[in-house]
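Engineer: just a sequence and a predicted model for now, questions to come.
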2 protein chains.
Amino acid sequence: MAQINDNFLKLKAGYLFPEIGRRVSAFTEANPDKAASLIRCGIGDVTEPLPLAVREAMHKAVDELGNRDTFRGYGPEQGYDFLRNAVADNFYQDLPLTAADIFISDGSKCDTGNILDIFGPGNKIAVTDPVYPVYVDTNVMIGNTGEADEDGRYEGLVYLPCTAENNFVPALPAEKVDIIYLCYPNNPTGASATRDQLKAWVDYAIENDSIILYDAAYEAFIQDSEVPRSIYEIEGAEKCALEFRSFSKNGGFTGVRCGFIAIPETVTGASSTGERISIKSLWSRRTSTKFNGASYPVQRGAEAIFSEAGKAQVSALVEHYMGNAALLREACTEIGLSVFGGENAPYVWVACPEGLTSWDMFDKMLNDANVVITPGSGFGAAGEGYFRISAFNSRENVIEVCNRLKKHL
Amino acid sequence: MAQINDNFLKLKAGYLFPEIGRRVSAFTEANPDKAASLIRCGIGDVTEPLPLAVREAMHKAVDELGNRDTFRGYGPEQGYDFLRNAVADNFYQDLPLTAADIFISDGSKCDTGNILDIFGPGNKIAVTDPVYPVYVDTNVMIGNTGEADEDGRYEGLVYLPCTAENNFVPALPAEKVDIIYLCYPNNPTGASATRDQLKAWVDYAIENDSIILYDAAYEAFIQDSEVPRSIYEIEGAEKCALEFRSFSKNGGFTGVRCGFIAIPETVTGASSTGERISIKSLWSRRTSTKFNGASYPVQRGAEAIFSEAGKAQVSALVEHYMGNAALLREACTEIGLSVFGGENAPYVWVACPEGLTSWDMFDKMLNDANVVITPGSGFGAAGEGYFRISAFNSRENVIEVCNRLKKHL
């Protein structure tokens, strides 16, 4: 009798974005006349065209595949050297990493989920609250948690509250944890972490022999030169941290799919007999066995992000989205709401008006303003009373959202 | 203290293809003058250009991403409907499947590994011997086996010998197994399974409440109209089988990356309390949480395989590779070797000359004939005494391989 993985049955039915989709569908079916003017600022998906340099590189790569002499079949599972080198040279110059520490993938969602394959059972896992739901759900699936309580918190996970009081960077936990997910610039709060805050986490990890899974998918949006762009800018991080990055948000690759994990040679975990094992060697083996490399034309597209033209085009995209974020911050502030984030990240995190829950606010924005936002409580109990507005949109739409916010709130 | 997944430490160091790579590198370093004339028939990787219809579709998709009005970001995790429909209409017409049963991915290697996420511990797993190493290694990694013995067989797995006596289709096991991997047309033996043979397996699975993981990655190479192209041609398979397919070998997508799993609604597994759970619902949840869809231009390329032009171009590729297989079969037969496969699959499976092991033959072919083949024992103990020649090559190279075989054996 084939047995299923019972842990899947612990998962709460409503993964956030499907539930948003359901409510939006119900609304547009009930109000077909309003469907056309609906503006979506919910899911954090880019809206602007793929940079020209990327498209040119992809076209060229597709053409290469049409010629026997330049055809390429299976690539290296860990990614082509041209891209691993470009990443190392551009993102990790002067940091303790080399191209051999870079593992190219089809995106960070896959990476942050799949990384659990190489860790054993029995690790104490810490996540922030609010949190990107993938970190939690993949731990549930693999059996690192018990059941969820009525607030959706899973038994066995350590939740680290991120609140206005701590500037949405969690305090160190009182108990010892083995694996910690940190994401800065943060999804969903738009907060960034200072050097000192990250230093405290790195010191904690070294002291407790823990590993930090650092998600830097929004690095490109950092405007403040004091904010670290990589965890490896922090001394000691090369001993205790993995870094996840993606081309989704800087290069507009959400539909094209490319990302990577950086894993320095010096990060190790313990086997059950106490032997120290290189995390990089485990991930390399996992990658060789369960992955066949990212698509070749996609890797060429990602490489083009680091060309002179590509860099300029990415800068223009970032500037566009961050301009949107500034407008959204301004509008929310003007109507008297407490606004966070949106300064080094493309997300604006807003406290709901007095007396409204996150889903109340979602429904109000949908019904009155015809705008889709994301309810903060969808990211965790500590997100209750907040909502997230994504700055990924056209300028025209963002100006209209600002007008509707002012009109309806 | 972060604990690693100890199961990884059970894996035998030499995954087959890296070991081949190591020996080939050593040879070319020692014999730099022979590097240019080396012909690689080892890894089953396509060599001919990506079909024009595919390239045109990919170019068009890349251009769409360059225009705000046609830009697409995150796609549906399970794949775009245009491709799911094309698969259902072309591969599963008149079979008990719909487009909603098709889950598009970035390739079958990922799928056959990742599928284990949704199954629980304690399943008795059966694999053929010889076998595609990914099935075995992913079971080791997830903890479904004990340690390997000196022949590389892992404790706890049920190995089903495939030999010349059973035409490389295994007999039903004496013991009860819960999950069975079958791959036809087969990698590595090139064997195909008859309707009656598959019917026996489907009946076994239904009787024992087991699930068949059917890998049909080489379906396009079937020449004999009596050989089933899909497990779903067998009555009852829709209750007990998942089917894996890929665009790698028909469309030349090994570097482009696209495949899919078909999962009929009616396949279920048991939870630990005995509740019947839809396998499709579990895979759908897994996909939503840990995957973000295959690359959009890649999915458009895969769709083009089903256009009139695409079908003709794929047929030409298949004809080319199967022409190679026929030449290789002929040459091996002529020099008196026992030859199997290569009639409905792009692999020719050959018994080594008397007294030579598989690796002896590998070394002899490398050193004397300057040709890379794959040692049968690399696919499992029952592959000892055989070698595999891949028909994925240019006609010119295959003719030269045939000449060298005749000269050196």
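Structural biologist: All right, it came through fine. Everything quoted here is computed from the prediction, not taken from an experiment. Numbers count the residues shown, from 1 in each chain, chains lettered A, B, ... in the order given.
Engineer: CA only for contacts and neighbour counts going forward, please
Structural biologist: Will do.
Engineer: just the pLDDT for residue A:22.
Structural biologist: Here, the pLDDT recorded for residue A:22 equals 89.
Engineer: residue A:151 now?
Structural biologist: Confidence at residue A:151, expressed as pLDDT, is 84.
Engineer: give me the distance from the longest helix along chain A to the chain's centre.
Structural biologist: In chain A, with assignment by DSSP state H, the single longest helix is helix A:308-334. Put simply, helix A:308-334 sits 18 Å off its chain's centre (CA atoms, centre = their mean, to the nearest Å).
Engineer: in terms of secondary structure, what does that helix contact?
Structural biologist: Contacts defined by 3 or more CA pairs under 8 Å, 6 or more residues apart in numbering or on different chains; DSSP states H and E place helix A:308-334 against helix A:52-64, strand A:339-341, strand A:347-351, helix A:395-408.
Engineer: please identify the deepest-packed of those.
Structural biologist: Most buried of the helices and strands packed on helix A:308-334, by mean neighbour count (mean count of other CA atoms under 10 Å in any protein chain shown): strand A:347-351, with a mean of 27.
Engineer: show me what that strand pairs with in its sheet, parallel or antiparallel.
Structural biologist: strand A:339-341 (antiparallel), strand A:386-390 (antiparallel) (DSSP bridges).
Engineer: for the next helix or strand after that strand, buried residues please.
Structural biologist: Next helix or strand after strand A:347-351 toward the C-terminus (DSSP states H and E): helix A:358-364. By neighbour count on 16 or more other CA atoms under 10 Å in any protein chain shown, the buried set for helix A:358-364 is A:358-359, A:361-364.
Engineer: which residues are in contact with helix A:358-364?
Structural biologist: Outside of helix A:358-364, the residues within contact range by CA atoms under 8 Å, 6 or more residues apart in numbering or on different chains are A:352, A:372-377, A:383-387.
Engineer: what do you get if the cut-off is 7 Å, keeping everything else the same?
Structural biologist: Contact with helix A:358-364 is made by A:352, A:373-377, A:384-387, as judged by CA atoms under 7 Å, 6 or more residues apart in numbering or on different chains.
Engineer: Throw the helices and strands packed on helix A:308-334 into JSON lines and include mean pLDDT, thanks.
Structural biologist: Formatted as JSON lines, the helices and strands packed on helix A:308-334 follow (pLDDT from 0 to 100):
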{"stretch": "helix A:52-64", "mean pLDDT": "98"}
{"stretch": "strand A:339-341", "mean pLDDT": "98"}
{"stretch": "strand A:347-351", "mean pLDDT": "98"}
{"stretch": "helix A:395-408", "mean pLDDT": "97"}
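Engineer: which one of these lies closest to residue B:71?
Structural biologist: With CA to CA as the measure, helix A:52-64 is the member of these nearest residue B:71 (12.2 Å).
Engineer: does chain B sit close to the helix or strand following that closest one?
Structural biologist: Counting by DSSP H and E, the element after helix A:52-64 in chain order, helix or strand, is helix A:81-91. No. Helix A:81-91 does not reach chain B (CA under 7 Å from any CA of the partner chain); its nearest approach is 14.8 Å.
Engineer: flag every buried residue along helix A:81-91.
Structural biologist: Buried residues in helix A:81-91, counting neighbours by 16+ other CA under 10 Å, are found at A:83-89.
Engineer: over to stretch A:308-328?
Structural biologist: A:310-311, A:313-315, A:317-318, A:320-328.
Engineer: does residue A:387 have beta-bridge partners, and which?
Structural biologist: Bridge pairing for residue A:387 (DSSP bridges) gives the partners residue A:350, residue A:375.
Engineer: now do the domain split for chain A, please.
Structural biologist: Domain assignment for chain A by automatic domain parsing gives A:11-48+A:309-408, A:54-306.
Engineer: any idea which of the ones you listed gets closest to residue B:146?
Structural biologist: Per CA to CA, nearest to residue B:146 of the domains of chain A: domain A:54-306, 15.1 Å.
Engineer: span of the closest one from start to end?
Structural biologist: The first residue of domain A:54-306 is 10 Å away from its last residue (CA to CA, to the nearest Å).
Engineer: figure out how far it is from the centre of its chain.
Structural biologist: With CA atoms, centre = their mean, you get 9 Å for domain A:54-306.
Engineer: mind putting the strands paired with strand A:347-351 in JSON lines, distance to residue B:8 included?
Structural biologist: Below are the strands paired with strand A:347-351 laid out as JSON lines (distance: least, CA to CA, whole Å):
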{"stretch": "strand A:339-341", "distance to residue B:8": "41"}
{"stretch": "strand A:386-390", "distance to residue B:8": "40"}
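Engineer: any idea how far residue B:401 is from the residue nearest to the spatial centre of chain A?
Structural biologist: Centroid check for chain A by CA atoms, centre = their mean gives residue A:217 as the closest residue, at 4.9 Å. Per CA to CA, residue A:217 is found 49 Å from residue B:401.
Engineer: what's near enough to touch the residue lying closest to residue A:230 once chain neighbours are set aside?
Structural biologist: Ranked by CA to CA, 6 or more residues apart in numbering or on different chains and with sequence neighbours excluded, the top spatial neighbour of residue A:230 is residue A:216, at 7.0 Å. When contacts are counted by CA under 7 Å, 6+ apart, residue A:216 touches A:183-185, A:243-245.
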